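Asks: Provided below are the primary sequence and the corresponding predicted coordinates.
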Amino acid sequence: RLKEYGQANGATLFMTLVAAGQVLLARYGGTRDVAVGTATSGRDRPELERLVGAFINTVVLRSTVDDRLSFTAFLAQVRETVLGALAHQDVPFDRLVDELCQERDASRTPLVQAMIVLQNAPAVETGGGFTGLRVERLALPRPAAVFDLTLEFTERPDALDVMIEYNTDLFDAETVERISVHLRTLLGNLVAEPERPLGDVPMLDEAERRRLLVEWNGAAEVRRPG
């Protein structure tokens, strides 16, 4: 549904996920100005495709989340932001930091503290080009989170997986579980009612809404006769 909605509005799945992720972060942060980072492969030229090495660069995507806008209108803005940022993806992130950050805070990453990444590159066949060798994929451990929060989506033929990486000094596992539920609920509601003002799109599922409004609030549930 996300992919079809994005295509109908001239946007990629990545642009749609960035827009939804920025809405989510704006809710949590209580701010309209939301900047997130994303990772680019740095292999946009054919001569780099088969060259060994990491060319990954961080690109900043900054948007103004206006609660009065519909998701369709906001997505159109994010689309232009993403296109403009990717047109300058070769500018090293470190250079941006040097130019824009006069004062550095060692407690947080400069410019962006949250990342949104979509993994949708086709899988590479293991063993190809290595005569006489057997190659297998290994899951590398992630001992520490580089950013405060990372939403990493992986597109599969029949689903969209998400991995949430977080700084344990700032979040606990229970909070991140709630974030995952909020994200899933918000994604569904945004594409179900894309013309609804962003500020009115709910991100609480029915169970949490009941817990907040009824159980924790001490309000008695009123049932109508019949």
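Replies: Good, I have the coordinates.
Asks: contacts, neighbours, all on C-alpha from now
Replies: Fine.
Asks: any idea how far the lengthiest helix in the chain is from the chain center?
Replies: Counting residues, the longest helix found in the chain (DSSP state H) is helix 173-192. Its chain's average C-alpha position is 12 Å from that of helix 173-192, according to Cα atoms, centre = their mean, to the nearest Å.
Asks: ok, now stretch 137-154?
Replies: In terms of Cα atoms, centre = their mean, the centre of stretch 137-154 is set 13 Å apart from its chain centre.
Asks: quick one: buried residues of it?
Replies: For stretch 137-154, the neighbour count (16 or more other Cα atoms under 10 Å) marks 146-153 as buried.
Asks: Pull out the CA atoms of it and give them to me as CSV.
Replies: Backbone C-alpha positions of stretch 137-154 (Å, rounded to 0.1, in the frame of the first residue of the first chain) are rendered in CSV as follows:
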residue,chain,number,x,y,z
ARG,A,137,26.9,-14.0,4.2
LEU,A,138,27.6,-13.2,7.9
ALA,A,139,25.6,-10.9,10.1
LEU,A,140,28.1,-8.5,11.6
PRO,A,141,27.5,-7.4,15.2
ARG,A,142,26.6,-3.8,16.0
PRO,A,143,28.2,-3.1,19.4
ALA,A,144,27.1,0.5,19.6
ALA,A,145,24.5,2.8,17.9
VAL,A,146,26.1,5.6,16.0
PHE,A,147,22.9,7.7,16.0
ASP,A,148,20.3,8.2,18.7
LEU,A,149,17.7,6.4,16.6
THR,A,150,17.8,4.6,13.2
LEU,A,151,14.8,3.2,11.3
GLU,A,152,16.2,0.8,8.8
PHE,A,153,13.6,-0.6,6.4
THR,A,154,14.2,-3.7,4.2
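Asks: Many thanks, I have nothing further to ask.
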